[in-house]
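**Student:** Okay, sequence plus prediction incoming.
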Amino acid sequence: MQKAISRLFPLYAVVFLASIGYSSMITIFTPMMMRERWGMVSEATPMTVRMTQLGILLALYPFGQFIGSPLIVALGRRYDKKRLLLISLCITAIAYGFLALSLENLSLGAVMASTFLAGLSEANESIAEDTIAELAAKEHHKKLMSTLHVSSSGAFLFGPILSGILAFQGLSIPFWGIFALIMIGFLFVLFLGPLPSQKLPVSAWKLVRDQFSAFSFERFHFAFGVNFLIYFAIFGFFRAYPMHLVESFDMYIYELSHYIAWVAVPIVFLNLFVTARLLKTFHSSTLLTWGSFGIGVFIYFLLFAAKGPNLWISLFLVAACIGICLPTSPVYIARSAHQSILSEILESDLAVLKGAEAIASLAGGALAAFFVPLPLYFFGAISILAALLLFFKK
């Protein structure tokens, strides 16, 4: 088992790099757009405009991934996956280099363009996920897939800390650091052996249709709807709480980075040691009901928490509930699916997740334009609504 994970290390690195890049964007872009200290916005720029721009900026990366994933998976099934990964990593490096230069020149338009390009190219994590899932179906399924989740969540632990330290030298320095990490990742993939490929003549348009084909099964509409609400609330929280911390406690990048990294701790821990065991004891709908209810309730605790232990505890409790809900949501919808349509169901659920992430970023920025804590009130209510729907469905 350990040998299999070691052999796939470069693919886990691709997933890690995608997540570390976006975690750095959240850590840096939030204070950058809310405070004029770094020169990206002026004192004359109204907060409503800043928050709207921040919402758009944070939505561009997941929107790029949402668009790019079907295309890059289609190419991966038609051509050599390893070569495609190498090309996409080169494009990703260019995107982060362009992002770093854009920050040095204080060009918001260029920052937005390079963020979108990074999202498009880092849809390459879909190739890594597709390959790992293909191998996991044959052997070591749970271990290979749980390691994949840890690779993504772990990046949100280390990315913000590194960004907070490097940002002392300038906003562009963390992204130059990511540029260097991507080049190291390129070498890992270069020396990786050949990747399994289905070599199926699949079009990108067909994969786009496949992502949503499961919605035609009427009996899954409720499950997809609930999962959308949960994903929407979770990713909305991820975008909104840094805004709340900057506005309420006047945090700058270094201090904010510690809180963002702290949120990743219970998520990683529960993914590794707890959630799988809970799923053996409790039904997935029960876990989702109480997990999503907990997310909403603890978000409201966070809104009234003073700086200090209460703030750390509130963030931990929200993140712990997220650590239960994120891996449980696909299990909830998969348990009622026949093996013949399971792949379609899970692909559609992943499309729901990515769509919810992009929409939540836009919604968070739009709501914060009226009142910075408003998105947290809203996403907390959405999470509680999902819990109530699940509870009364029983």
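**Tutor:** Perfect, thanks for sending it. Residues are numbered from 1 along each chain as shown.
**Student:** Go ahead and name everything in contact with stretch 318-328.
**Tutor:** Residues outside stretch 318-328 that contact it (Cβ atoms under 8 Å, 6 or more residues apart in numbering): 149, 230, 234, 237, 241, 262-271, 274-276, 278-279, 284, 287-288, 291-292, 294-295, 298-299, 302. In short, each C-beta sits where N, CA and C put it, glycine included.
**Student:** Any figure for the gap between D349 and I87?
**Tutor:** 28 Å (Cβ to Cβ, to the nearest Å).
**Student:** circling back: pull out the buried residues from the contacts of stretch 318-328.
**Tutor:** 149, 230, 234, 237, 241, 262-271, 275, 278-279, 284, 287-288, 291-292, 294-295, 298-299, 302 (16 or more other Cβ atoms under 10 Å).
**Student:** In helices, which of these fall?
**Tutor:** Counted as lying in helices by DSSP state H, out of the buried ones among the contacts of stretch 318-328, are 149, 230, 234, 237, 241, 262-271, 275, 278-279, 284, 287-288, 291-292, 294-295, 298-299, 302.
**Student:** looking only at pLDDT, what's the mean for the longest helix anywhere in the chain?
**Tutor:** Secondary structure of the chain per DSSP H: the longest helix is helix 47-78. Confidence over helix 47-78 (mean pLDDT, whole number) is 85.
**Student:** Who are the packing partners of it?
**Tutor:** helix 9-34, helix 81-104, helix 108-121, helix 125-136, helix 204-213, helix 221-249, helix 342-368 (3 or more Cβ pairs under 8 Å, 6 or more residues apart in numbering; DSSP states H and E).
**Student:** any idea which of these is most buried?
**Tutor:** Greatest average neighbour count among these goes to helix 9-34 (a mean of 24), per mean count of other Cβ atoms under 10 Å.
**Student:** Alpha carbons only: can I get stretch 291-305 in PDB?
**Tutor:** Output of stretch 291-305 as PDB, limited to C-alpha atoms (Å, rounded to 0.1, in the frame of the first residue of the first chain):
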ATOM      1  CA  GLY A 291     -22.900  18.400  10.700                       C
ATOM      2  CA  SER A 292     -24.600  21.000   8.600                       C
ATOM      3  CA  PHE A 293     -26.700  22.100  11.700                       C
ATOM      4  CA  GLY A 294     -23.400  22.500  13.600                       C
ATOM      5  CA  ILE A 295     -21.800  24.600  10.800                       C
ATOM      6  CA  GLY A 296     -24.700  27.000  10.900                       C
ATOM      7  CA  VAL A 297     -24.900  27.300  14.700                       C
ATOM      8  CA  PHE A 298     -21.100  27.700  15.200                       C
ATOM      9  CA  ILE A 299     -20.900  30.300  12.400                       C
ATOM     10  CA  TYR A 300     -23.300  32.400  14.600                       C
ATOM     11  CA  PHE A 301     -21.000  31.700  17.600                       C
ATOM     12  CA  LEU A 302     -18.100  33.000  15.500                       C
ATOM     13  CA  LEU A 303     -20.000  36.200  14.600                       C
ATOM     14  CA  PHE A 304     -20.200  37.100  18.300                       C
ATOM     15  CA  ALA A 305     -16.800  35.800  19.400                       C
END
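**Student:** And the contacts of it?
**Tutor:** Against stretch 291-305 from outside (Cβ under 8 Å, 6+ apart): 229-230, 233-234, 237, 241, 244, 310-311, 313-315, 317-318, 320-322, 324-325, 328, 373, 376-377, 379-384, 386-388, 390.
**Student:** Quick check: PyMOL command selecting the buried ones in the residues you listed.
**Tutor:** A single PyMOL command selects the buried members of the contacts of stretch 291-305 (16+ other Cβ under 10 Å):
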select buried, resi 229+230+233+234+237+241+244+311+314+315+317+318+320+321+322+324+325+328+373+376+379+380+382+383+384+386+387+390
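**Student:** Sitting in helices, which of the contacts of stretch 291-305 do you find?
**Tutor:** In helices, judged by DSSP H, the following of the contacts of stretch 291-305 are found: 229-230, 233-234, 237, 241, 244, 310-311, 313-315, 317-318, 320-322, 324-325, 328, 376-377, 379-384, 386-388, 390.
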